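> coords below, sequence missing:
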């Protein structure tokens, strides 16, 4: 583990108002010192990286990640792919996401039982490259609410739910994922419909919380959103159809719930899926334009009320391939009226919070783990610079280089 001194960088911390020039010293995998003037920190025993005015910021967090989604055009393939092939897909996805500057990812379901867990453990052991990862298992769905055949654990009633959650927690997941509402692209289970009872959701929460695990839910319908909020779900995915009552419930729980809406899935399914055989007319016909419009209104309201909304776009389909995760950051600015700095905070500081490590992850500050990006450009003025991987000159995790900057002068 190299000791590194970053000089002549613009330090972009998610809790600041913008970037400030200075230096950052990294040793033993952590940020040891931050100085707001150049030349203040000792060079002894340091490898010096001259940033030349580039931005130094925290690695990013994607709060809705599926390593086992294969960036393909067929949902059915997720269920039929052999587990050996699927494991290779997941390992590749983990590297691609880290290549994109994402050093924190929250698993939002695994298409096979233990692949998420195995990837997390291999990353932590240094066997494969990848972001810090909160592992999930297969989605838990009722017989009427399955989104994709072959990737869900089917449960019906509170006893089956409790047993399934206990088994998931016993396997070693950190996140239990529930399917409360539908996904309209299936033309079988719909975004505005709800497929679990309050009692089933509550049973999942009780069992997960009993052993210190958390529950996330695919919740697009108004009813499912309220189920999550009333029954204690920790992380909500999508939250598309928020009404006034739901907004009030969100505000009441704003200190203990996270939302990752998956905006790029909606946007790309509407406007960028035609070349993969799903034209805009088809997406509009099943309700994606209506859902995107409602999502924008509701998420703007949550932002005004101080609810923690994080980027995480449900990547891993043909029109939302892994590695394009920073598209979500642009949607936060263009669609939700976040400022670039508010977006950076959502993708860094709130990443540390959703990982339950707010004093170690998501900031450029002394004592924090050295998960850092050296960026050619200023994301605080143009958030789109993070979409071009060539602008990610350096990617560091735990004080080690995943992508090392070229030597000076090259």
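Arrived safely. Since the structure is predicted, the reported quantities are computational estimates derived from the model, not experimental observations.
> Every contact and neighbour count from this point should use C-alpha atoms.
OK.
> Quick one: find the helix or strand in this structure with the lowest mean pLDDT.
helix 76-80 (a mean of 88; mean pLDDT, DSSP states H and E).
> in the helix or strand just after that helix, what counts as buried?
With elements assigned by DSSP states H and E, the helix or strand that comes after helix 76-80 is helix 83-99. For helix 83-99, burial by neighbour count (16 or more other CA atoms under 10 Å) applies to 83, 86-87, 89-99.
> how far does helix 83-99 sit from the chain's center?
What separates the centre of helix 83-99 from the centre of its chain is 16 Å, taken as CA atoms, centre = their mean, to the nearest Å.
> Give me the packing partners of it, helices and strands only.
On a contact count with 3 or more CA pairs under 8 Å, 6 or more residues apart in numbering; DSSP states H and E, helix 83-99 meets helix 115-124.
> tally of neighbours for residue 170?
By the criterion of other CA atoms under 10 Å, residue 170 has 10 neighbours.
> Likewise for the one 4 residues further on?
Residue 174 is surrounded by 22 other residues when neighbours are defined as other CA under 10 Å.
> if we can go back for a sec, now the buried residues of helix 83-99 as JSON lines including distance to residue 48?
Listed next are the buried residues of helix 83-99 as JSON lines, based on distance: CA to CA, whole Å:
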{"residue": "83", "distance to residue 48": "44"}
{"residue": "86", "distance to residue 48": "41"}
{"residue": "87", "distance to residue 48": "38"}
{"residue": "89", "distance to residue 48": "37"}
{"residue": "90", "distance to residue 48": "35"}
{"residue": "91", "distance to residue 48": "32"}
{"residue": "92", "distance to residue 48": "31"}
{"residue": "93", "distance to residue 48": "32"}
{"residue": "94", "distance to residue 48": "29"}
{"residue": "95", "distance to residue 48": "26"}
{"residue": "96", "distance to residue 48": "27"}
{"residue": "97", "distance to residue 48": "27"}
{"residue": "98", "distance to residue 48": "23"}
{"residue": "99", "distance to residue 48": "23"}
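> Pull the most distant pair out of those residues.
Greatest spacing in those, by CA to CA: 83 and 99 (24.3 Å).
> Which residue ranges make up the domains of the protein?
Taking automatic domain parsing as the domain assignment, the ranges for the chain are 4-59+360-403, 60-325.
> and the ones you listed as TSV, adding distance to residue 339?
Below are the domains of the chain laid out as TSV (distance: least, CA to CA, whole Å):
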stretch	distance to residue 339
domain 4-59+360-403	8
domain 60-325	11
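> mind checking which of those is nearest residue 340?
Within the domains of the chain, the stretch nearest residue 340 is domain 4-59+360-403; the backing value is 5.2 Å (CA to CA).
> average model confidence for the closest one?
In this model, domain 4-59+360-403 has an average pLDDT of 96.
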